[in-house]
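>>> Below are the sequence and a predicted model; questions follow.
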Amino acid sequence: MTEKKTAADRDIMKQQKQHVSVMIVEDDPMARKLFEIILEGSDRYQLESSIESASLAEFYCMTGHVDLILMDVCTALHASGLDAAAKIKEKFPQIKIIIVTSQPECDFIGRARAACVDSFWYKDPSEDILLEIMDRTMAGESIYPDTTPMLRLGMADSADFTARELEVLRELTSGDTDDIIAERLHISVHTVKKHIKSMFQKTGFTSRTQLAVMARESGLVIRGF
Amino acid sequence: MKTMIMMTEAGRSAVLVMIFLVLLFQISVLCNGSLSRGVRRKTWIDVLLVFISMMMMAALAEGSARCSLHELVQGVERAVLDIPAAAAVICIVAIFCYAAWSLRADLKYQKHAITRSSIKESADTLPMGLCFARSSGQTFLVNRRMEELCHVMCGESLQNAEKFWQMVSEGRLANGVQRSRVLEAPALLFPDGSSWVFDRQSLMMDGTEVVQLTASDTTELHRLASRLRQENAMLCGMNDRLEEYGKNVEELTRIRERLTMKVRIHDSIGQNLLATRHLLTREAQGGYGIPVEPVLKKWHMTIAMLRRETEPEKSEGALRYLTDAAESAGVRLVVNGSLPEHGAAEELAVTAGAEALTNAVRHAGAGEIHMKVIETPTAYIVTFTNDGRKPDKPVKEGGGLSGLRRQIEDAGGTMDISAEPEFELKITIPKEGKTGAI
């Protein structure tokens, strides 16, 4: 009887034997090496490809066999991992994607959800948690952090800002004038000034530069990804 | 009743003086009126009254001098001298009153009606400089402000409007007056810190050409414009600093992550050592059967980590991303020319390459991608072609291509797609990078 296994049994056997092919999209060599090592150390996953820029992620998905992607947000060539993830999810819905980032930018989680990304993980160097998230994601779970990491900006908590204020703050880090910011966000210059003033009140900062630099340094807002 | 003839010499002289004074007053009123008004009031009454006063004066003077005159005149004299003295005095007073009344009326009229002087006066109260002149340049109305400005600029009063305009628009400026380029219109900066914009217009009035020069006070505007300019310059500086800072922040994050990684390796070595010692101790004590595998695996991992740590990082530039990707898929990437070494141009070229590679393999099933880089003094021109199928319908710019176009145009470059004779993606990237600075 042992030689005659059912088709279902064989499938299970195959799944157990077959490794999950993982692609790493990460431009920081250290983090990439860390992920590679974690994969090498595990017996369930195998490294399919490890690339620096999200602009080529779709190409690798198209030409190779990828089951799971560990995708950074801010990748080489200024390519956004979130944009790439959205495109891949659209064309290859079966590929699971985990966004891994060390940037606490408040908008990333929302955009990842909108792009139907499976899981989201704030980088931290313990391999066990990442492996667990990978396992659960492969099992069909969707794991997101409950909140973005709480940050302090002057006297304010990151949660004190409204969505619109954060948008203005993100544009403010470009150093552009209020006119340009207003045009880009399709709001009036007056509204831009109002939001900035409100953020001055919340943070206790007195200059735009201070506000922009502190926002950028904290990683609360990141432009261009 | 006492007539004039019967009056004493002294009384007659007094009346004579009175008439003389009234006559003088009347004449001055008449002159003042005729200068400033039209034929509004009945001038003939004034003239008649002047005449009467003169007659009375003449008669009185005659009576004293006793000269022989024409008979008619003598008749009139007699009649005048026969008027009762009281009536004569009343008549003189009445004439005086009438003259006074008409003077008042004249003054009132001058105050309320538009006259030459009233125009000049009101033009003087204008905050702007104003000058009207004939086409020859001869001025006929210059207000006080314009006179002042002209005085500061050339030290003399405004005589010829055309000459003045020439000096304002291109001539040499004296007395510390400077031209300003802050505002769009040409403005002059005066030593007292005020700024004036001059304008010249030709007007047609009753068929003759009249030149109008105006000077508007733009001090406040000028101040605001200079401040705006300063703030813009400051913001530009801030933009650059922020950009620089952004790069540093990424680097800092990277360094921080690297440090965390090193700490982790260090920790794991410590743990491994502890575990190994534990294992060896137990083994030395004769306790067999302790699994060696986990400890071995840990060492394996730590050593792998250390080995990678010491590996030199590849630094071949971004083109490697493309060659690696093409190689992994068995596609040949042929590069003609050399890419910009670093910076935004290289990034954009490689980003475009990634898009071209993806599209060539997906839509054209290409096996070979050609990338040609031409360097001109101002820009890099990069063209991508492939050996795959030609597109059978017009190429639609989907998410990838339109995103690429936005990126390239943001950097001041251009992107062109042509399907004939073969599919070609051509991008131009300016060397200076961003040209759209404020």
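Sure thing, it's come through.
>>> what ranges do the helices span in the chain?
In the absence of a named chain, chain A is used. Using DSSP state H, the helices found in chain A span residues A:7-17, A:29-41, A:57-63, A:81-91, A:108-114, A:127-138, A:163-172, A:178-185, A:189-203, A:208-218.
>>> try again with chain B
B:9-36, B:43-65, B:71-82, B:85-112, B:116-125, B:144-154, B:161-169, B:219-284, B:293-310, B:319-328, B:344-359, B:399-410.
>>> The third one packs against which elements?
Of the remaining helices and strands, those touching helix B:71-82 by 3 or more Cβ pairs under 8 Å, 6 or more residues apart in numbering or on different chains; DSSP states H and E are helix B:43-65. Where C-beta positions appear, they are placed from N, C-alpha and C, glycine not excepted.
>>> Would you list the phi and psi of the closest residue to chain A within the stretch 301-438 of chain B?
Per Cβ to the nearest Cβ, residue B:329 is where the stretch 301-438 of chain B lies closest to chain A, at 3.5 Å. According to degrees, to the nearest 10, the main-chain angles of residue B:329 amount to phi -100, psi 0.
>>> Tell me who's in contact with it.
For residue B:329, the contact set (Cβ atoms under 8 Å, 6 or more residues apart in numbering or on different chains) comprises A:59-60, A:62-64, B:361.
>>> Ranking by neighbours, what's the top pick from these?
Neighbour count (other Cβ atoms under 10 Å in any protein chain shown) singles out residue A:59 as the most crowded of the contacts of residue B:329, with 26 neighbours.
>>> nearest residue to that one other than its sequence neighbours?
Nearest residue to residue A:59 in three dimensions, chain neighbours excluded: residue B:358, at 4.6 Å (Cβ to Cβ, 6 or more residues apart in numbering or on different chains).
>>> What pLDDT is listed against the one you found?
The model reports residue B:358 with a pLDDT of 90.
>>> Who is the residue nearest the centre of chain A paired with across the strands?
With distances taken as Cα atoms, centre = their mean, residue A:99 lies nearest the centre of chain A, 3.9 Å away. Beta-bridge partners for residue A:99, by DSSP bridges, are residue A:71, residue A:120.
>>> surely it meets residue A:122?
No: look at residue A:99 against residue A:122 with Cβ atoms under 8 Å: they stay out of range, at 9.5 Å.
>>> Which residue or residues pair with residue A:153 through a beta bridge?
Residues in a beta bridge with residue A:153, per DSSP bridges, are residue A:156.
>>> What is the neighbour count of it?
Using other Cβ under 10 Å, residue A:153 is surrounded by 22 other residues.
>>> next one: residue B:431
Neighbours of residue B:431 using other Cβ under 10 Å come to 15.
>>> my guess is it contacts residue B:411, does it?
No: under the criterion of Cβ under 8 Å, residue B:431 makes no contact with residue B:411, lying 10.8 Å away.
>>> could the helices of chain A go into CSV alongside mean pLDDT?
As requested, the helices of chain A are exported to CSV (pLDDT from 0 to 100):
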stretch, mean pLDDT
helix A:7-17, 53
helix A:29-41, 80
helix A:57-63, 92
helix A:81-91, 92
helix A:108-114, 91
helix A:127-138, 87
helix A:163-172, 91
helix A:178-185, 90
helix A:189-203, 93
helix A:208-218, 86
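>>> If we ignore the residues flanking it in sequence, what's nearest whichever residue of chain B sits closest to chain A?
As assessed by Cβ to the nearest Cβ, chain A sits closest to residue B:239 within chain B, at 3.1 Å. Here the nearest residue to residue B:239 in space, its sequence neighbours aside, is residue A:175; by Cβ to Cβ, 6+ apart that works out to 3.1 Å.
>>> which residues touch the one you found?
A:212, B:235-236, B:238-243.
>>> Relative to residue A:70, which of the residues you listed is nearest.
The nearest member of these to residue A:70, counting by Cβ to Cβ, is residue B:243 at 28.9 Å.
>>> What is the neighbour count of that closest one?
14.
>>> contacting residues for it?
By Cβ under 8 Å, 6+ apart, the contact set of residue B:243 is residue A:175.
>>> Could you measure from it over to residue B:427?
22 Å (Cβ to Cβ, to the nearest Å).
>>> before we move on, what about residue B:390?
From residue B:390 to residue B:427 the distance is 20 Å (Cβ to Cβ).
>>> okay, the two: which has more neighbours?
Using other Cβ under 10 Å, the more surrounded residue of residue B:390 and residue B:427 is residue B:427, with 28 against 11.
>>> what's the neighbour count on residue 124?
Using chain A here. Neighbour count for residue A:124, taken as other Cβ under 10 Å: 10.
>>> Sorry, I should have been clearer: chain B.
Around residue B:124 there are 14 residues (other Cβ under 10 Å).
>>> what does the model give the closest residue in space to it that isn't next to it in sequence for pLDDT?
Leaving aside its chain neighbours, residue B:124 sits nearest to residue B:144 (4.2 Å; criterion: Cβ to Cβ, 6+ apart). pLDDT, residue B:144: 89.
>>> try residue A:95
pLDDT, read off for residue A:95, is 94.
>>> you'd agree it is up against residue A:89?
Yes: taking contacts as Cβ under 8 Å, residue A:95 lies within contact range of residue A:89: 7.5 Å.
>>> Surely residue B:387 is in contact with residue B:334?
No: using Cβ under 8 Å, residue B:387 makes no contact with residue B:334, being 9.7 Å away.
>>> Look at these two and report which has more neighbours.
residue B:387 (16 against 13).
>>> Now do the same contact list for the more buried one.
Residue B:387 makes contact with B:366-368, B:370 under the criterion Cβ under 8 Å, 6+ apart.
>>> Can you get me a residue count around residue B:407?
Using other Cβ under 10 Å: residue B:407 sits among 23 other residues.
>>> so who does it touch?
Residue B:407 sits next to B:348, B:351 when contact means Cβ under 8 Å, 6+ apart.
>>> For chain B, what's the nearest residue on chain A?
residue A:175 (3.1 Å).
>>> so where's the stretch 251-400 of chain B uncertain?
Scanning the stretch 251-400 of chain B for pLDDT under 70 picks out the ranges B:287-290, B:308-316, B:342.
>>> make it 90
For the stretch 251-400 of chain B, applying pLDDT under 90 flags the ranges B:251-321, B:323-324, B:327-330, B:336-347, B:359-367, B:375-379, B:387-400.
>>> Excluding chain neighbours, give the residue nearest to residue B:219 in space.
Excluding its sequence neighbours, the residue lying closest to residue B:219 (Cβ to Cβ, 6+ apart) is residue B:194, at 4.5 Å.
>>> how deep is that neighbour tucked in, by neighbour count?
When neighbours are counted by other Cβ under 10 Å, residue B:194 registers 16.
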